[in-house]
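>>> give me a model of this one.
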Amino acid sequence: MRFCSLRLCAGLLVTLPLHEAAAAPVPTAPNALPPVADVKPVTDTYFGTTIIDNYRWMEGEPSPAFRSFLSASKTFADDVIGRVRGIAKLQKDIDSFSGPYVTVSDMTPDGETLFYLRRGPKDDVARLVTRGASTGDERVLVDPETLPDARPHSEIDQIAPSPDGAYVAFGLQDNGPDSTVLRVFDSAQGVMLGEHIPGARFAAVSWLPDSSGFYYTRPADGGSTNRPRLRLAVFLHKLGSKTDRDVLTLDAAYLPFPYHARTVVPRLVLPPGSDYALAVLSNGVGQDIAVYSAPISELGEHPAPWRGLAEEGDGVTEISVSGPIAFLLTHAQAPTFRVVSEDLADPGFATARTVMPAGDGVITGIAAAADALYAARRAGSGMQLLRLDYNQSVAEQIRLPFAGTIAPAYGGSGGLIADPRVNGTFLSLESWMHPKVWLRYDLRVHRITDPSIMPVFPRDVSAYQAIETTATGDDGTKIPLSLIARRDVAKDKARPVLLEAFGSYGYAYDARYLPIALAWADQGGVFAVAHVRGGGELGRPWHDAGRLGAKANSMLDLLACARALAAQGYSNPAKIAASGTNAGALTVAGAMLRDPGAFRAVLLRAGLLNPLRSEEYPNGAANIAEFGSAHDPMQFKSLFALDPYEHVQPGTAYPAVLLTGSLADPVAPAWHAAKMAARLMADSSSGRPILLRVSQDGGSPNRADQEELQAEELGFLLWQLDMPDFAEAPAAPPRARGRHKGLARTEPRHPA
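Residues are numbered from 1 along each chain as shown. Take a look at the predicted model:
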């Protein structure tokens, strides 16, 4: 359970020498020139530093003028990308590596029954299904597309079955997370109940022991979650009652215990089989949580008798409960994390007992079952599954079927999951060369079993390899670097390389199966993942070394990885592209600005590219702990220095850049990408294309649209790397395009 531009300020940006590289051909599109954004200067002064922002008008709620600019930019980008040869074949390659393409997420064991979201090869959206953990019988409970009030983009974004399995609460969104409405399905009767609770993006439903109602989180005043100063609160809802009768239980603005984060996300959790409730607080983006407990029977008292298990600053990132005992994962006095236990009847972090000490590998997740505490721990390029029997003092290692990643629980995509009333655990496992599977540790046979939740993957990938190497940073730090390529890849210094990075919030880019990586490798290339500082691959110190004033390390590490790929004989700067998503795009863009010649092409997906302005808008304040605040004189200096948008320099030969986004994205609003694109279009002197593709509708693309988007992104990069199979074709009439063009689904993203 993890909760879960005066353009430059002197001295803040060092311009490095440019690598020599010939300009790529400029396309002769049907729309020959991209739209030019209006310039409307706005001047701000921060602690003596004057900044002129020419594109401030793009921020906030999308105006008609902004929508028009986005539409024209997307049309131009579609025309350009649509004439790149080889994309159709690339899409077929991605499809073949995707195999059966069944995704299973939000796995939730409820006794001997599993609830999860399943999206099959022909499904546009995931369906809520239930399955007998032992029998394997699967039944569809809710298909969003068949609900009477469903809209074209309706999809389920969270689920929470009641303790007896009679009901399932779920979030239904039709235009991004901020449109989420909480609904309830009666799984015993097979009917929808009348519950219809808006503003439920952060709902985190937790049911009462008798399944008569649940606690959930929403805005304290019932308004939208899409506001600059969001005040969240926990309410108790009884089935059949109206939302305006819900009982306010925990208000983030009036907490009965100390918690001082700028943004507070409160949740109330009732672990199955326990007599205690947990109040769990987070700042919305960071992994650290504070936890307080109180007997469920005394929650109605005013005030409730809350007692602290972990306070702000105790370094706790995860909690799992079995009966009267709470297990906490913490980095306090343990850079690679340790697990401690507390008695819920007499809690206290200072006297907590270490039950799983820190070791060489980072402990990434825990799950308490009826028989034991289970934990995932990194070991080289894979992970170990540990089992600590409650009657033993030392954990045993459980053999896994292959070396891979047990995904963290945040985001619902995978995890280590257990029901404290039932023996054993479920886990997801995947690697660079093996698609994700859901497995079970079955105590009855004392081994990992495959319950066949996922179909057998039919594709043979033995011709490909994953290579773990390192790069050396400017300060001597060794940066882990993962490479995916064909076994016969040539070290001729001419391979097309796609270098990807994230490096923020302490989240690790662990090994995962990426069809796009194998499709890229089939072009004779190398797909590389730079595990830069700011992520969590090497524990808390690795995160701290790439946040706030040290954030520049993330960008410098990425440049070091690009140099290493050249030094190891794979490529050269004219054949290297870089990509990043959300905060990863911030890392990539920052590296590009520090050394514009390091990459020939750049892909920035849903980028957080103007963090200096983020905290003025919804969800932006949640990034203060990671990047700093523009309203703090010391943090402003480092925040301004790392802001890509503020450091685009006129007359500089920047790489080709494709920027994507969605107007429905609450995490990285589309104005980040649009402002950055406008500046690059105005200031780049390279003649290489700067393209902007922003989707103006919500929802996730279906399989065909998703793979087409990915193929177009890779095709754009390969075209710019001068790969012969991706040369520009003659202009042709525009073709019909999918409704979701603009933003391919990628990971990782932070869980706010």
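>>> all contacts plus neighbour counts: C-alpha atoms, from now on.
Will do.
>>> burial count for Ser452?
Ser452: 12 surrounding residues under other C-alpha atoms under 10 Å.
>>> Gly661 now?
Look at Gly661: counted by other C-alpha under 10 Å, it has 28 neighbours.
>>> any low-confidence regions in the stretch 351-500 of the chain?
410-412 (pLDDT under 70).
>>> and the strands in it?
353-356, 363-368, 372-379, 382-389, 396-398, 416-417, 425-431, 434-442, 447-449, 464-472, 478-486, 497-501 (DSSP state E, counting those that start in this stretch).
>>> which one, of those strands, ends up nearest to Gly240?
Of all those, strand 416-417 sits nearest to Gly240, with 30.5 Å by C-alpha to C-alpha.
>>> gap between the closest one and the chain center?
18 Å (C-alpha atoms, centre = their mean, to the nearest Å).
>>> can you start the count at 11 instead of 1 from here on
Okay, using 11 as the starting number, the last item reads as strand 426-427.
>>> who touches it?
11, 117-119, 375-377, 384-386, 416-419, 435-438 (C-alpha atoms under 8 Å, 6 or more residues apart in numbering).
>>> rewinding a little: reformat the strands of the stretch 361-510 of the chain as TSV; add mean neighbour count.
Below are the strands of the stretch 361-510 of the chain laid out as TSV (neighbours: other C-alpha atoms under 10 Å):
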stretch	mean neighbour count
strand 363-366	18
strand 373-378	28
strand 382-389	23
strand 392-399	21
strand 406-408	14
strand 426-427	27
strand 435-441	24
strand 444-452	21
strand 457-459	16
strand 474-482	17
strand 488-496	21
strand 507-511	28
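>>> just tell me which of those strands ends up closest to Tyr655.
Checking those against Tyr655 by C-alpha to C-alpha gives strand 507-511 as the closest, at 18.6 Å.
>>> in the sheet, which strands lie alongside that closest one, parallel or antiparallel?
Here strand 507-511 has these sheet partners by DSSP bridges: strand 536-540 (parallel), strand 586-591 (parallel).
>>> for the following helix or strand past it, give the mean pLDDT please.
Next along the chain after strand 507-511, taking DSSP states H and E as the criterion, comes helix 525-531. Averaged across helix 525-531, the pLDDT comes to 97.
>>> return the distance of helix 525-531 from the chain's centre.
Distance, centroid of helix 525-531 to centroid of chain: 20 Å (C-alpha atoms, centre = their mean).
>>> so which elements touch it?
helix 97-108, strand 488-496, strand 536-540 (3 or more C-alpha pairs under 8 Å, 6 or more residues apart in numbering; DSSP states H and E).
>>> got the angle between the last one and strand 488-496?
Relative orientation of strand 536-540 versus strand 488-496 (axes from the mean of the first three to the mean of the last three C-alpha atoms, to 10 degrees): 160 degrees.
>>> who's in contact with strand 536-540?
Here strand 536-540 makes contact (C-alpha under 8 Å, 6+ apart) with 489-495, 505-512, 519, 527-528, 530-531, 567-568, 571, 580.
>>> swap in stretch 586-594?
Contact partners of stretch 586-594, identified using C-alpha under 8 Å, 6+ apart, comprise 506-514, 572, 595-598, 608-618, 677-678, 727, 731, 756-759.
>>> rerun that using 6 Å as the cut-off
Residues outside stretch 586-594 that contact it (C-alpha atoms under 6 Å, 6 or more residues apart in numbering): 506-512, 598, 609-618.
>>> go on, stretch 203-212?
With contact meaning C-alpha under 6 Å, 6+ apart, stretch 203-212 is reached by Pro187, Asp188, Thr190, Val191, Leu192, Arg193, Val194, Phe195, Thr227, Arg228, Ser234, Thr235.
>>> before we move on, back to that, got CSV for the helices and strands packed on helix 525-531, with distance to Leu449 too?
Converted to CSV, the helices and strands packed on helix 525-531 look like this (distance: least, C-alpha to C-alpha, whole Å):
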stretch, distance to Leu449
helix 97-108, 20
strand 488-496, 25
strand 536-540, 26
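>>> indicate which one of those is closest to Asp429.
Per C-alpha to C-alpha, nearest to Asp429 of the helices and strands packed on helix 525-531: helix 97-108, 30.9 Å.
>>> after that closest one, which helix or strand is next? Please name it.
With elements assigned by DSSP H and E, the helix or strand that comes after helix 97-108 is strand 113-120.
>>> so for that next one, mean pLDDT?
On average, strand 113-120 scores 92.
>>> packing partners of it?
strand 123-129 (3 or more C-alpha pairs under 6 Å, 6 or more residues apart in numbering; DSSP states H and E).
>>> all strands of the stretch 661-762 of the chain, in order?
Under DSSP E, counting those that start in this stretch, the stretch 661-762 of the chain gives strands at 666-672, 700-705.
>>> contacts only, for Leu319.
Going by C-alpha under 6 Å, 6+ apart, Leu319 touches Val301, Tyr302, Pro357, Gly358, Phe359.
>>> distance to His341 added to the strands of the stretch 361-510 of the chain, as CSV?
As requested, the strands of the stretch 361-510 of the chain are exported to CSV (distance: least, C-alpha to C-alpha, whole Å):
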stretch, distance to His341
strand 363-366, 12
strand 373-378, 9
strand 382-389, 14
strand 392-399, 18
strand 406-408, 21
strand 426-427, 19
strand 435-441, 23
strand 444-452, 27
strand 457-459, 29
strand 474-482, 25
strand 488-496, 21
strand 507-511, 24
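>>> where does this structure have low pLDDT?
Regions of the chain meeting the criterion pLDDT under 70 cover residues 11-42, 232-239, 420-422, 708-710, 739-762.
>>> can you give me the distance of Arg457 to Arg450?
Here the criterion is C-alpha to C-alpha, to the nearest Å. By it, Arg457 lies 8 Å from Arg450.
>>> can you give me the helices in the chain?
Secondary structure of the chain (DSSP state H): helices located at 74-91, 97-108, 525-531, 550-554, 562-577, 593-604, 634-637, 643-652, 680-693, 713-730.
>>> JSON lines please, covering these and showing distance to Tyr627.
Below are these laid out as JSON lines (distance: least, C-alpha to C-alpha, whole Å):
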{"stretch": "helix 74-91", "distance to Tyr627": "17"}
{"stretch": "helix 97-108", "distance to Tyr627": "37"}
{"stretch": "helix 525-531", "distance to Tyr627": "33"}
{"stretch": "helix 550-554", "distance to Tyr627": "25"}
{"stretch": "helix 562-577", "distance to Tyr627": "24"}
{"stretch": "helix 593-604", "distance to Tyr627": "16"}
{"stretch": "helix 634-637", "distance to Tyr627": "12"}
{"stretch": "helix 643-652", "distance to Tyr627": "16"}
{"stretch": "helix 680-693", "distance to Tyr627": "11"}
{"stretch": "helix 713-730", "distance to Tyr627": "29"}
